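Visitor: Sequence and predicted structure below; questions after.
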Number of protein chains: 4
Amino acid sequence: MAKLNWGMIGGGEGSQIGPAHRLGAGLDGEFAFVAGALDHRPEEGRDYGMRLGLDADRAYGSWQEMLEGERGREDRVDLVTVATPNATHYEITKAFLDGGFHVLCEKPMTMTVEEGQEIVEIANKTGKICAVNYGYTGYSLVRHMRAMVARGDIGDVRVVVAEFAHGHHADATDADNPRVRWRYDPAQAGVSAQFADCGIHAMHMASFVTGQEVERLSADIVSAIPVRTLEDDAMVNFRMSGGTVGRLWTSSVAIGRQHGLTLQVFGETGGLRWSQEQPNQLYYMPLGERLQVIERGEGNLSPEADRTSRVTVGHAEGMPLAFANIYADLAEAIRARKDSRLMDPAANLYPRAEDGLRSMAAVFAVAESGKAEGAWVDARPPMFR
Amino acid sequence: MAKLNWGMIGGGEGSQIGPAHRLGAGLDGEFAFVAGALDHRPEEGRDYGMRLGLDADRAYGSWQEMLEGERGREDRVDLVTVATPNATHYEITKAFLDGGFHVLCEKPMTMTVEEGQEIVEIANKTGKICAVNYGYTGYSLVRHMRAMVARGDIGDVRVVVAEFAHGHHADATDADNPRVRWRYDPAQAGVSAQFADCGIHAMHMASFVTGQEVERLSADIVSAIPVRTLEDDAMVNFRMSGGTVGRLWTSSVAIGRQHGLTLQVFGETGGLRWSQEQPNQLYYMPLGERLQVIERGEGNLSPEADRTSRVTVGHAEGMPLAFANIYADLAEAIRARKDSRLMDPAANLYPRAEDGLRSMAAVFAVAESGKAEGAWVDARPPMFR
Amino acid sequence: MAKLNWGMIGGGEGSQIGPAHRLGAGLDGEFAFVAGALDHRPEEGRDYGMRLGLDADRAYGSWQEMLEGERGREDRVDLVTVATPNATHYEITKAFLDGGFHVLCEKPMTMTVEEGQEIVEIANKTGKICAVNYGYTGYSLVRHMRAMVARGDIGDVRVVVAEFAHGHHADATDADNPRVRWRYDPAQAGVSAQFADCGIHAMHMASFVTGQEVERLSADIVSAIPVRTLEDDAMVNFRMSGGTVGRLWTSSVAIGRQHGLTLQVFGETGGLRWSQEQPNQLYYMPLGERLQVIERGEGNLSPEADRTSRVTVGHAEGMPLAFANIYADLAEAIRARKDSRLMDPAANLYPRAEDGLRSMAAVFAVAESGKAEGAWVDARPPMFR
Amino acid sequence: MAKLNWGMIGGGEGSQIGPAHRLGAGLDGEFAFVAGALDHRPEEGRDYGMRLGLDADRAYGSWQEMLEGERGREDRVDLVTVATPNATHYEITKAFLDGGFHVLCEKPMTMTVEEGQEIVEIANKTGKICAVNYGYTGYSLVRHMRAMVARGDIGDVRVVVAEFAHGHHADATDADNPRVRWRYDPAQAGVSAQFADCGIHAMHMASFVTGQEVERLSADIVSAIPVRTLEDDAMVNFRMSGGTVGRLWTSSVAIGRQHGLTLQVFGETGGLRWSQEQPNQLYYMPLGERLQVIERGEGNLSPEADRTSRVTVGHAEGMPLAFANIYADLAEAIRARKDSRLMDPAANLYPRAEDGLRSMAAVFAVAESGKAEGAWVDARPPMFR
């Protein structure tokens, strides 16, 4: 089976996200990396691209150049990944969708709700795939949690509790460090820091697993390190479209927590608990029975879990494979379109423009509620109200 | 050293709390169980008391009888434990304090803030000990957390995160079970169910460990099982007297959680994490260093930890010993008074009437804020504003 | 119900074992501490006994004095605990059994196999209870493991894996410390150090849970700190009377392990795993199903578990309560004899002279095999061959 | 940088090992998959190769054909992976080394010690790389353990305790299943089953981490399911070249264990503990201090850890990345040779022919000792005695 052609914008030399995407896209051998505009400095970008094996004519100096160059080719890229600085996601994603390309955009998809709505509309109009990289949803057992909830294993979901807490920005003496400071500066980061950076992953995961959207929320936001304008710790209560109650805590000053992305889902007839720090086990208690440990890779789980599990039970899988699962979804989605067939429903789970839009609306809602002493606000984008 | 005389009101045959108190009081051999009014049915109470070894004249038929009987004795009880139904705590505690007795009252100390203030005033006026049984603060490593915070090991505390979540009331088909139902019925339980029953332990522990009082709070309360009038799930955000931000989640519908009382404390220069399900380990990360595991019973902890640690390192200690530590505090407090000396400061940690009052104020504040869509309310009792 | 009278030999001021026994014996209010010969120095022993509340005439100066004194009394002690230095256990236990007393002897019961056989014979002849304090078998979930195996939940047991590893004697610079050194000196400790001190607990637990005796063994013993004559690390393979294969590792130089007493039991149709560092959970996997977490105190376990569980599910219980469970067994055994009735079979689980004897035979077998390069030797005492 | 050319023998359609190698080799983009003889059935192999993207002339029908075909090419493969049935490893590896190719051979490298010696000699003579796939040594924190031991962080190593226990062959009713049965049949599996399959990984890891070789061993082997000729449970005691004492337990009937590969290393001044089920944490206790949790990806570890860590701290990495690290070592080794430079010493850690040989000698030693009631036998291959 011929590989799909894949290109990347951003992810230049020295970035963390570039190698992660190349690893994720390349891992299954579905995508060949054939084009890129890897740096905002044309020469550096071209040079780095060629060192990574791109042909000279597809190692572009800018995204505009790449758009022009790819548009005319027979063998144009099947998928473009946008991994540039946040403020440029909207413009680039929009241009490539308009140009007839499928796009995987890093989060946040846009900087405003209005831009997000525009992207959704363009994606709908063009019929192109516009995916957003909430990569943690690619974990096999997160997929299985979603499948369990969907098939009714725990009944209607009453309460979902999500966390994303770390302590990597807890050093006040380091708050001036430019690598950290920009995140808490509204001029660069927008209306929210820790919630927009980490909390939104947890909130998206709550939606992903429950199959419900966040409708209303109330936020308590804090700058635990006082010099920060934006929050480094937030608690968000929310209500979902199916009636589920949500609680979400996120923090960057939680010294001792490494990467505390956890999800607990409590339904009428069972409870589930998962943690990214130990992603190969899922704790499940059916009402009135004992706590069980579901292992990634064990037999008879769900098609969603089986599809995203790559090594035999007992061998750990980690974040890079979760990431690769998003690309695997996209490869299946693109191939299904090429073959004019329905895609595997178990792969039809990649986050998409609507998710990027809803996340942006939630970020603004958190900022608004946080300023208003936790007043409950509508968390939906206007177009979905 | 002669034993102290101890008496109990409530805790009749078949109760859970009676044996727990007798175990806790008796464990160190400090208290001799010599008097009791164990049942609201006089004959049953007298009979059970005698079967437990009380002399016939001190196996009382009612608390009033006991108050009269003990008042006149040379060898009157040194401490009275009140473990009757919640609604009677106030009246009995008040009567015994007035009668010149030291009292350990089960929580909640009262049903209203006004009653709580009255108890505090009586305790102050009479000079008698009025302790309240927030027994989880007796764990050795909880004491050590407090000591670490007090001596500045983690700097000023920025955020405290507390949980008390279980799933034992999650079965909707069981909601009519009288053993469960009364807790969610305002006529019997007052203004709050899960927060008053469990959440308040977590909030008290947050105060105990940080050495700060809760000043303001905002609550999101939910009846996840709709037939319930009172809440079975609550999220409370709060602010403390020293500037610490608090988050507290409590639930009785969290299927899969057994007894999830946990505390995380994040300061300027370190973080701490403790869980009641594994009470002999305390996780500590100094800023910029590695996570460490502090073991109960290891050398060179704090006087507060050493005093409450009873078996050598590596051997688990559990809840009954935490409970006994409260009694050990009280024994030391009573003996110090008898000997006209200062008590060991490491024992001067038993929860007292002020804590019972503050807890009651917090319960009412949670109920009020919960009804007002999470509006921030003053959580302090009027006398402490 | 009147308390039973209890006396103690050894456990003088400053000892660790004395308070532990008084706590265990007193915890349920079954035993009253009425007599003692607490120190080999008569005056110190008498004085300390009186300070602990003994009447002057029962605060004895020596065990011989106590034997004489108690023998003649109407209200003589119902049970004597022997907690003296190891080398004296045999003589004292023998004398008290001969004198018609029930005895609980600290481990090791004797210093030789021959002495052990003699104690078994005397216990049989006199009909008195001779218990040996393998206190870790008192944990509720250890009792439940035994019950599960006995009722066939995991089928015939194929393999049992036991560990007791700690690192508290790992400091070579501390090897001359008298508190440590005597354990590795044959003149004081006998033929074995770490196996006799810790390993034997793990081996007894393997027998207790499987209901089988150790028949043959092969040992690899090592002095990891070379100045030691006796072993500080040992691996023992063994075969049991029902065909089970055993593996047992014990070490005192395992830096980072606190109190690693663990047991894994693998049968034809299921596996079990328990660890003393987290004694309130038992991991159980039925063949072909998922790992389950059994919680101490949950409903519908076994009579053996229910009897030894004292606080509600989710509240931790620790070592002192396990210890108390051995005393509770003995109280029931003594009362049943007084009442001429059969004892509760769920209490009939205290370790007894036969266990003490078998343990002594195993200690000698380990020493013998260890010297013979791991040759397989008979681990049974001659009288049971 | 141009990719290296990589070919594979074995790993045909439906195999588990084929995708794992293609994932591992391809993950960093260092190797291009350009040639293969993927099946012993020529047509199937060619067809599958072409479906995987091989050119028709490099999708070979047999390894002999591939050897001929590649030998003559300018762009011949830089590395050949041998992932065929065990009994063919020797012949193919030998032929390709002789043909001047670098080889990565799946374990076991050979079926006899003599064959192993021959491979070592050929590798030495030809100067070609002959690596053996003990892939678990690729985990970043296993590399870091080795570095810590090498730089003296825990002093001389006294005791190493290794385990590899699972329960996936515990069902006696499934013992006739051909997928399981062959492993316990000497005609197909050789002289050892569970030790050769799993235990040898744990033993190699003990050598890898301590930097010592196994010299002598004593084994207790058991067929817990009696119809099996070869062992399904084994305990091996051993002594290493630097004086370290080893204990190793392996089992395939340990119901409830998923993939219990663990290593504990106890030295004079510290202890280490690592478990494959949670590979991103390493537990370290310096003598006299507290247990610390080392996180994969944290700063200031060792060059060996940094090189093999691919995502930021707190994000889990799993087995596929460990596997890829072996390929990354090989890519560096091959490139260094091409560039006539010394390779990065932190990459010079791939297991090699000598390790394959030593493992084979250990397998035969275990079988021999096991038959001889655990007699101690020399575990070294004759050429290293």
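Guide: Now that the structure is in, tell me what you want to look at.
Visitor: Just to be sure, residue A:44 is in a helix?
Guide: Yes - the assignment for residue A:44 is a helix, going by DSSP: H, G, I helix; E, B strand; the rest coil.
Visitor: my guess is it contacts residue A:14, does it?
Guide: No - with contact defined as Cβ atoms under 8 Å, residue A:44 does not count as touching residue A:14 (10.2 Å). Placement of C-beta: from N, CA and C, glycine included.
Visitor: if you count what's nearby, which of these two comes out ahead?
Guide: Neighbours per residue (other Cβ atoms under 10 Å in any protein chain shown) separate residue A:44 from residue A:14, with residue A:44 holding more: 14 against 9.
Visitor: OK, contacts around the more buried one?
Guide: Residue A:44 sits next to A:12, A:13, A:38 when contact means Cβ atoms under 8 Å, 6 or more residues apart in numbering or on different chains.
Visitor: Filter these down to the buried ones.
Guide: Burial by neighbour count, judged by 16 or more other Cβ atoms under 10 Å in any protein chain shown, picks out A:12, A:38 from those.
Visitor: nearest to chain C, of the contacts of residue A:44?
Guide: Taking Cβ to the nearest Cβ as the measure, chain C lies nearest residue A:13 of these, at 41.2 Å.
Visitor: and the nearest residue to that closest one once chain neighbours are set aside, how many neighbours does it have?
Guide: Leaving aside its chain neighbours, residue A:13 sits nearest to residue A:48 (4.7 Å; criterion: Cβ to Cβ, 6 or more residues apart in numbering or on different chains). By the criterion of other Cβ under 10 Å, residue A:48 has 20 neighbours.
Visitor: Equivalent analysis for the one 10 residues further on, please.
Guide: Close neighbours of residue A:58, defined as other Cβ under 10 Å, add up to 23.
Visitor: now residue A:103
Guide: Using other Cβ under 10 Å, residue A:103 has 27 other residues around it.
Visitor: Also residue A:152?
Guide: Using other Cβ under 10 Å, residue A:152 is surrounded by 12 other residues.
Visitor: ditto for residue A:29
Guide: Look at residue A:29: counted by other Cβ under 10 Å, it has 17 neighbours.
Visitor: now it: how far from residue A:138?
Guide: Note on residue A:29: its distance to residue A:138, by Cβ to Cβ, to the nearest Å, is 17 Å.
Visitor: How about residue A:310?
Guide: 11 Å.
Visitor: before we move on, the earlier item: quick one, what contacts the residue nearest to residue A:13?
Guide: By Cβ under 8 Å, 6+ apart, the neighbours of residue A:48 are A:12, A:13, A:38, A:39, A:59.
Visitor: Hmm, residue A:12 and the third one touching each other?
Guide: Yes - with contacts counted by Cβ under 8 Å, residue A:38 reaches residue A:12, the gap being 4.4 Å.
Visitor: Mutual contacts of the two, please.
Guide: Residues touching both residue A:38 and residue A:12 (Cβ under 8 Å, 6+ apart) are A:18, A:44, A:45, A:48.
Visitor: Let's have those in a markdown table, adding distance to residue C:335 and pLDDT.
Guide: Formatted as a markdown table, the shared contacts of residue A:38 and residue A:12 follow (distance: Cβ to Cβ, whole Å; pLDDT from 0 to 100):
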| residue | distance to residue C:335 | pLDDT |
| --- | --- | --- |
| A:18 | 76 | 90 |
| A:44 | 87 | 96 |
| A:45 | 87 | 96 |
| A:48 | 84 | 96 |
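Visitor: Out of the residues you listed, name the two that are farthest from one another.
Guide: Farthest apart among these by Cβ to Cβ are A:18 and A:44. That separation is 12.6 Å.
Visitor: so what sits against both of those two?
Guide: A:12, A:38.
Visitor: Doesn't residue A:87 lie inside a strand?
Guide: No - using three-state DSSP, the secondary structure at residue A:87 is helix, not a strand.
Visitor: nearest residue to it other than its sequence neighbours?
Guide: Nearest to residue A:87 is residue A:111, by Cβ to Cβ, 6+ apart, at 5.9 Å.
Visitor: show me what contacts the one you found?
Guide: A:86, A:87, A:89, A:90, A:190, A:360.
Visitor: Quickly find the element holding the fourth one.
Guide: Looking back up the chat, that one is residue A:90. Per DSSP states H and E, residue A:90 falls inside helix A:89-98.
Visitor: Could you list the residues in contact with that helix?
Guide: A:9, A:63-64, A:67, A:80, A:82, A:84, A:103, A:105-106, A:108-111, A:115, A:118-119, A:122-123, A:126, A:128, A:130.
Visitor: And the helix or strand following that helix, what does it pack against?
Guide: Where DSSP H and E defines the elements, the next helix or strand beyond helix A:89-98 is strand A:102-105. Under the contact criterion of 3 or more Cβ pairs under 8 Å, 6 or more residues apart in numbering or on different chains; DSSP states H and E, strand A:102-105 touches strand A:79-83, helix A:89-98, strand A:130-132, helix A:319-338.
Visitor: mind putting those in CSV, mean pLDDT and distance to residue B:206 included?
Guide: Output for the helices and strands packed on strand A:102-105, formatted as CSV (pLDDT from 0 to 100; distance: least, Cβ to Cβ, whole Å):
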stretch, mean pLDDT, distance to residue B:206
strand A:79-83, 98, 41
helix A:89-98, 98, 40
strand A:130-132, 98, 37
helix A:319-338, 96, 33
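Visitor: Is it possible to get those out as CSV so that each row also shows mean neighbour count and distance to residue A:73?
Guide: Output for the helices and strands packed on strand A:102-105, formatted as CSV (neighbours: other Cβ atoms under 10 Å in any protein chain shown; distance: least, Cβ to Cβ, whole Å):
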stretch, mean neighbour count, distance to residue A:73
strand A:79-83, 26, 13
helix A:89-98, 22, 14
strand A:130-132, 27, 21
helix A:319-338, 23, 16
